[in-house]
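# Requesting a structural model of the entry that follows:
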Amino acid sequence: MTTTLTLGLIFDPLYFILIAPAFLLSLIAGWMVKSRFNWASQIRSPRGLTGAQVARLIADHHGLRHVPVEPSQGHLSDHYDPRAKALRLSPQVYGGNSLAAYAVAAHEVGHAIQDQTRYAPLVVRNFIVMTAGFGSNLGLILFMAGTALAAGAKSPIGMWLMIGGIVLFSLVVFFQLVNLITEFDASARAKAALIDLGYVSREEMPAVSKVLTAAALTYVAATLQAVLTLVYLVLKFNQSQNR
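Got it, this is the predicted structure:
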């Protein structure tokens, strides 16, 4: 989620008090993703396969031969593109022969499997992704504009702008919750596929789990930030109505 903060948020101590846990969790998650991926990248797989090969084999096993596995630029830029129906893996994953590469590659195949089976949370996520991005920015802008009007002229228009901002930002929270479910499910599918097809042993699975858990924590942090921001908006609205 990309949140554009207005000056009202930037200088409001209440916002930072509320958002502090999410901000701290985000920093921890970012550090964990990098450190655990680098650590697991040093654990070579005796199977001699690259991340791209593992992705191809898992995808083929699930009837996704039509889904290409393509290289992408950038560190940890791995993703599944539901519009192009393509798996795109970063250089470290695409050509890497490590448990980290296997974990990330299998996770992205998990999203492709979700798309194939019309997994409901993924369908919802893809449907509202643009609306959520729109609601994040416009919701905050409407809310702060309404706050200014309500504080000045006590205009009912200000109250309705604040309510509209809260409703729009609620879409962001909903999107983050659905996205969190989708990511956890993709990781569960990845672990099952790696074990069932023999690309990772049960002794190697803890390393894979550490990589996927760290990645999932970034989505937990984003969801927590959205929820706490919504709480902030509701609190500010209540304050404006009680003056």
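# can you pull out the helices in this protein?
Taking DSSP state H as the test, the helices found in the chain are 7-10, 13-41, 51-61, 91-94, 99-116, 120-152, 156-196, 205-241.
# Let's have those in TSV, adding mean pLDDT and distance to Gly74.
C-beta coordinates here come from the backbone N, C-alpha and C atoms, glycine included. Listed next are those as TSV, based on pLDDT from 0 to 100; distance: least, C-beta to C-beta, whole Å:
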stretch	mean pLDDT	distance to Gly74
helix 7-10	51	29
helix 13-41	94	14
helix 51-61	98	15
helix 91-94	96	8
helix 99-116	98	13
helix 120-152	84	20
helix 156-196	94	19
helix 205-241	94	15
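# Now for Ala219: which residues touch it?
If you look again at residue 219, you'll see it is Tyr, not Ala. Residues counted as contacts of Tyr219 (C-beta atoms under 8 Å, 6 or more residues apart in numbering) are 176, 179-180, 183.
# for Val200, same thing?
Val200 neighbours (C-beta under 8 Å, 6+ apart): 45, 99, 102, 194, 208.
# Out of those residues, which end up buried?
For these, a neighbour count by 16 or more other C-beta atoms under 10 Å gives the buried set as 45, 99, 102, 194, 208.
# Please identify the one among those residues that lies nearest to Ser136.
Set against Ser136, the nearest of those by C-beta to C-beta is Val208 (32.4 Å).
# what's the closest non-adjacent residue to Arg125?
Take Arg125 and drop its neighbours on the chain: the residue closest to it by C-beta to C-beta, 6 or more residues apart in numbering is Val178, 5.0 Å away.
# Which of the helices of the chain sits closest to Lys85?
Set against Lys85 and scored by C-beta to C-beta, the helices of the chain come closest in helix 99-116, at 7.3 Å.
# and Phe237, how many neighbours?
For Phe237, the neighbour count with other C-beta atoms under 10 Å is 19.
# Excluding chain neighbours, what is closest to it?
Spatial nearest neighbour of Phe237, excluding adjacent residues (C-beta to C-beta, 6+ apart): Met162 at 5.1 Å.
# For the one you found, list the residues it contacts.
So Met162 contacts 142-143, 146-147, 150, 233, 236-237, 240 (C-beta under 8 Å, 6+ apart).
# Is Ile19 in contact with Leu228, as I believe?
Yes - here Ile19 reaches Leu228: they are 5.4 Å apart, a contact under C-beta atoms under 8 Å.
# that older thread, any idea which of the buried ones among the contacts of Val200 is closest to Arg118?
Nearest to Arg118 among the buried ones among the contacts of Val200, counting by C-beta to C-beta, is Leu194 at 23.4 Å.
# quick one: that closest one from Leu138, how far?
Distance of Leu194 to Leu138, given as C-beta to C-beta, to the nearest Å: 41 Å.
# next one: Tyr119
Taken as C-beta to C-beta, the span from Tyr119 to Leu138 is 29 Å.
# Those two: who's more crowded?
Neighbours per residue, other C-beta under 10 Å: of Tyr119 and Leu138, the larger number sits with Tyr119, 19 against 15.
# rewinding a little: wait, the residue nearest to Arg125 sits on Val124?
Yes - Val178 lies in contact with Val124 (C-beta under 8 Å); the separation is 5.2 Å.
# Neighbour count for those two, which is higher?
Val178 (22 against 16).
# So what touches stretch 99-106?
36-41, 43, 45, 49-52, 54-55, 58, 76, 78, 87, 89-90, 92-94, 189-191, 193-194, 199-200, 204, 207-208, 211-212, 215.
# now with 6 Å?
37, 40-41, 43, 51, 54-55, 58, 78, 89, 93, 190, 193-194, 204, 207-208, 211-212 (C-beta atoms under 6 Å, 6 or more residues apart in numbering).
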